[in-house]
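**Q** Here's a sequence, model it:
(one chain, ligands or ions: 1)
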Amino acid sequence: MTEETIKILAKAGDTPLTTSALPFSAAREDHSRGVQRFAWLVLIYNVAVILWGSIVRATGSGAGCGEHWPLCNGTVMQHSPRIETIIELTHRVTSGIALVAMLALLAWTFASTAKRHLARFFVIAAAVLTFNEALLGALLVLLGKVAHDQSASRAVYLSLHLANTLLLLAALAFTAHFLSRERGFMRGSVEYRAQGVASIGLLATLFVGVSGSLAALGDTLFPATSLGAALAQDFSAKSGWLLRIRWLHPSLGFLAGAFICWLIFTSAWRGRNRSLAMGVVGLLALQYLLGFADVALLAPTWMQIVHLLGADLLWIALVVLTARVCIVPIGCTESICHLPFAGLRSK
Ligand code: HEM
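**A** Residues are numbered from 1 along each chain as shown. This next block holds a predicted model:
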């Protein structure tokens, strides 16, 4: 049976799906456990590096190495360094290790997969985004967009940095996911479903994250002494634009959250994706709780880190759920893969 025949029969909804009926590329195949584990490990390690990056911003340590990059204060060895220098230097060293780990993952993925494997595409994207991340980080330091800098261009750089960070996590999550999949990991053996709505859901979450990085910059530059003072700052005509747009972040968070819940309830609430879908909704609820605690406690550094960790986990879970629901092996019938938005289509 050809790939095309399987596709047509599957669309008619009457394909008895067996491994023997699948083209070679869609058949069950186990990758080396080593490369799968390594891919998930690189993803977790990157989350840790990102959280440390947030400590750099929240503690105003971005200028801990002066305006020097890659050297720190113009030298390699630091004699009696300040705490800001230690924080910034740690971020540079751990980011360097992330870069090496990324290159190792790239090589290992190519060595252990066949041509047209989807993990190859995503690992290349992850490598490009890692270099981009390093470039944006270096520019922040070299152009002095750190510590107490209040320029509008710093906000632009930080937004780009956060967007790049989330895209990098997405590329790594897709890589690890496709390496771990038993079926449907080759171009030509998968079909893409409901790409439009799923992309809007992911993009909306990305925007929530970017608006959050601006709220975080506002909290760092203009710390408030009480909740009342923080709310007054938000709505005072005398405040800078960074504080006056702070309300946008929770508002976008609720809008995007409502959209994601709608997507999940209509596409992934039953069938084999149910537990992951419930996990995403749980993480979303937790993120709201953390957001309110963040505001009430006046965004202490530890709370910012926990809120960012929540955002990263929510994002990764959402990306994996999207991959599971929207990129499925050709010939997957509703009973096996569950068609997303089947109810909506038939209306
Ligand atoms: C979908 C839900 C949400 C997501 C994905 C999200 C994500 C984020 C992200 C990525 C940051 C930037 C952290 C950094 O750069 O260090 C942030 C900051 C922030 N968010 Fe949220 N957020 C969500 C909901 C909320 C809600 C509902 C509130 C408040 C009611 C809130 C309050 C804050 C505050 C005050 C900050 C600045 C302080 C900090 O960095 O923690 N967030 N958020």
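**Q** Show me the strands in the stretch 51-200 of the chain, by range?
**A** Listed in chain order, the strands of the stretch 51-200 of the chain (DSSP state E, counting those that start in this stretch) span 190-192.
**Q** burial count for residue 298?
**A** When counting by other C-beta atoms under 10 Å, one arrives at 15 neighbours for residue 298. For glycine as for every other residue, the C-beta is placed from the backbone atoms N, C-alpha and C.
**Q** Now stretch 103-123 - C-alpha only, PDB.
**A** Taking C-alpha atoms only, stretch 103-123 is exported to PDB below (Å, rounded to 0.1, in the frame of the first residue of the first chain):
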ATOM      1  CA  LEU A 103      26.500  21.300  19.300                       C
ATOM      2  CA  ALA A 104      26.900  17.800  20.800                       C
ATOM      3  CA  LEU A 105      23.100  17.300  20.500                       C
ATOM      4  CA  LEU A 106      23.200  18.500  16.900                       C
ATOM      5  CA  ALA A 107      26.000  16.000  16.100                       C
ATOM      6  CA  TRP A 108      24.400  13.100  18.000                       C
ATOM      7  CA  THR A 109      21.000  13.700  16.400                       C
ATOM      8  CA  PHE A 110      22.400  13.600  12.900                       C
ATOM      9  CA  ALA A 111      24.500  10.500  13.700                       C
ATOM     10  CA  SER A 112      21.600   8.600  15.100                       C
ATOM     11  CA  THR A 113      18.700   9.500  12.700                       C
ATOM     12  CA  ALA A 114      17.900   9.000   9.000                       C
ATOM     13  CA  LYS A 115      17.500  11.800   6.400                       C
ATOM     14  CA  ARG A 116      14.100  13.500   6.600                       C
ATOM     15  CA  HIS A 117      13.800  12.900  10.400                       C
ATOM     16  CA  LEU A 118      11.800  15.700  12.000                       C
ATOM     17  CA  ALA A 119      14.300  15.900  14.900                       C
ATOM     18  CA  ARG A 120      17.000  17.000  12.400                       C
ATOM     19  CA  PHE A 121      15.000  20.000  11.300                       C
ATOM     20  CA  PHE A 122      14.200  21.100  14.900                       C
ATOM     21  CA  VAL A 123      17.800  20.500  16.200                       C
END
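**Q** Name the surrounding residues that touch that stretch.
**A** Applying C-beta atoms under 8 Å, 6 or more residues apart in numbering, the external contacts of stretch 103-123 come out as 25, 31-32, 34-35, 38-39, 42, 124, 126-127, 171-172, 174-175, 178-179, 185-188, 190, 327.
**Q** average pLDDT for that stretch?
**A** Averaging pLDDT along stretch 103-123 gives 95.
**Q** Can you point out the buried residues in that stretch?
**A** Across stretch 103-123, burial judged by 16 or more other C-beta atoms under 10 Å covers 105-106, 108-109, 112-113, 117-120, 122-123.
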